[in-house]
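Participant: Attaching a predicted model along with its sequence, questions to come.
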Protein chains: 2
Amino acid sequence: MTQGPVPVDAMGALVEALKRLPGVGAKSAQRMAYHLLQHDRPAAQQIAHALQTAVAQVRHCARCHTFTEQPVCTTCLDPSRDARQLCVVETPADQAALERTGSYRGLYFVLMGRLSPLDGIGAHAIGLPELIERVWDGEGAGSGVAVEEVIVATNFNAEGEVTAHVIAEALKPRGIRVTRLARGVPVGSELEYVDLGTIAHALSERR
Amino acid sequence: MTQGPVPVDAMGALVEALKRLPGVGAKSAQRMAYHLLQHDRPAAQQIAHALQTAVAQVRHCARCHTFTEQPVCTTCLDPSRDARQLCVVETPADQAALERTGSYRGLYFVLMGRLSPLDGIGAHAIGLPELIERVWDGEGAGSGVAVEEVIVATNFNAEGEVTAHVIAEALKPRGIRVTRLARGVPVGSELEYVDLGTIAHALSERR
């Protein structure tokens, strides 16, 4: 269905295509198409080229599943990383957040999602079998060092907690130390304005 | 500057490219890139293809300046249109809105913008000389029918009003009838909730 008075095919096709971007509806897609064609055609070409390059070249690291253009990503190949620690995150963005802290020197395993049975996202979709194999093979997926601790850094919402629980249950029987990021009061916040669930956690996990 | 731990070039380039879309910042661009590469690579390819096709094929109608893939758009070529009326709008989206009412059978002139001297958008950028020529040539740009009335349907904000004023001033000396869409109370609204400026206009323009 074209809404325009003149069924301009290439324009209509562009609006339909842009609507497939997450968070972009009909109005935004129309505004984007209009902006690109009227004011910024070089940007349109840059986006098209970047999309094609990324689709052709970006794949998943064979060891940690993050996005990479090589068979194994540079983090996994970095010999200065401590292969005894493995941090499990939901997305490359979460991994980036942890890296920015500068306080973690171990390796990662990126689930590329979180368990969500209602959406049909089960253990296989988030690579749980590969994670277990990665931890259990005793050789750290070719690094020659066995994993001693798995730090589960999934998000602190319902799905992230369930994912963390399932990972912990799967790994604990083999004697692997499974830890979780600490829950507590955020740095710089005032108790008065912190939600009760967070304060309760901070109390029970005081140290 | 890449924020990721692993400088994945194709991924970083895609995020940078998506940030050039209007209304898309760093976080949204990252979310879009992640979604496309992880969950919807066909969409990425569809968007890339649609962008390239649109950039290659979409141009402006020689008569009304709207987007089209032909030298002259189908609306301008439609012999059932009344060439004595010319409606001036800011964008193809505005034109589409007028078309959807089904109550206008004349032709259009699309400014592809509005006067905004502070942003460097002057009379030439919105095709004002071409509009004047189009109205004054006495032949309706090849349609053989002279324009008798110009309906100025620019938006009712500051820039749209200025644009309307400039168009009216430029056309009136030649005896062209220049009208403006009526301002008044929107259909279906209750006076109690209509803003004062609109009520004042509706009062002074009562009929």
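Facilitator: Sure thing, it's come through. Just so it is clear, the model here is predicted, and its values are computed rather than measured. Numbers count the residues shown, from 1 in each chain, chains lettered A, B, ... in the order given.
Participant: Helices of chain A, start to end?
Facilitator: With helices called from DSSP state H, chain A shows them at A:9-18, A:26-39, A:41-57, A:74-77, A:92-101, A:128-136, A:158-171, A:196-204.
Participant: Out of those helices, which one sits most buried?
Facilitator: helix A:9-18 (a mean of 22; mean count of other CB atoms under 10 Å in any protein chain shown). Heads up, the C-betas are built off the backbone N, CA and C, glycines and all.
Participant: ok and it relative to helix B:41-57, angle-wise?
Facilitator: Interaxial angle, helix A:9-18 versus helix B:41-57 (axes from the mean of the first three to the mean of the last three CA atoms, to 10 degrees): 150 degrees.
Participant: Break chain A into its domains for me.
Facilitator: Domain assignment for chain A by the TED database gives A:10-57, A:82-180.
Participant: average pLDDT for the first one?
Facilitator: Right, domain A:10-57. The average pLDDT for domain A:10-57 rounds to 93.
Participant: Need the helices of chain A in CSV (columns: distance to residue B:195).
Facilitator: Below are the helices of chain A laid out as CSV (distance: least, CB to CB, whole Å):
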stretch, distance to residue B:195
helix A:9-18, 32
helix A:26-39, 23
helix A:41-57, 37
helix A:74-77, 57
helix A:92-101, 43
helix A:128-136, 57
helix A:158-171, 44
helix A:196-204, 42
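Participant: Now do the lengthiest strand in chain A: everything it contacts.
Facilitator: Counting residues, the longest strand found in chain A (DSSP state E) is strand A:82-89. Strand A:82-89 is contacted by residues A:95, A:98, A:104-111, A:131, A:134-135, A:140, A:143-154, A:167 when judged by CB atoms under 8 Å, 6 or more residues apart in numbering or on different chains.
Participant: Name every strand pairing with it and say which way it goes.
Facilitator: When sheet partners are counted by DSSP bridges, strand A:82-89 sits next to strand A:106-110 (parallel), strand A:149-152 (parallel).
Participant: To residue B:9, which of the domains of chain A lies closest?
Facilitator: Nearest to residue B:9, of all the domains of chain A, is domain A:10-57, at 8.3 Å by CB to CB.
Participant: thinking residue A:10 is in contact with residue B:54, fair?
Facilitator: Yes: applying CB atoms under 8 Å, one finds residue A:10 in contact with residue B:54, separated by 4.5 Å.
Participant: Can you name every helix or strand that the lowest-mean-pLDDT helix or strand in chain A contacts?
Facilitator: Every helix and strand in chain A was compared by mean pLDDT, DSSP states H and E; the lowest is helix A:196-204, with a mean of 83. Contacting helix A:196-204 under the criterion 3 or more CB pairs under 8 Å, 6 or more residues apart in numbering or on different chains; DSSP states H and E is no other helix or strand.
Participant: contact partners of it?
Facilitator: A:183-186, A:191, A:194.
Participant: Residue A:16: which of the residues you listed is nearest?
Facilitator: Looking across the contacts of helix A:196-204 and measuring by CB to CB, the closest to residue A:16 is residue A:186, at 42.2 Å.
Participant: Please state the backbone phi and psi of the spatially most central residue of chain A?
Facilitator: Residue closest to the average C-alpha location in chain A (CA atoms, centre = their mean): residue A:91, at 0.5 Å. Main-chain torsions, residue A:91, degrees, to the nearest 10: phi -140, psi 160.
Participant: hang on, isn't it packed against residue B:34?
Facilitator: Yes: with contact defined as CB under 8 Å, residue A:91 counts as touching residue B:34 (6.5 Å).
Participant: Which pLDDT does the model give residue A:144?
Facilitator: For residue A:144, the model assigns a pLDDT of 67.
Participant: and if you look at residue A:150?
Facilitator: We have a pLDDT of 92 for residue A:150.
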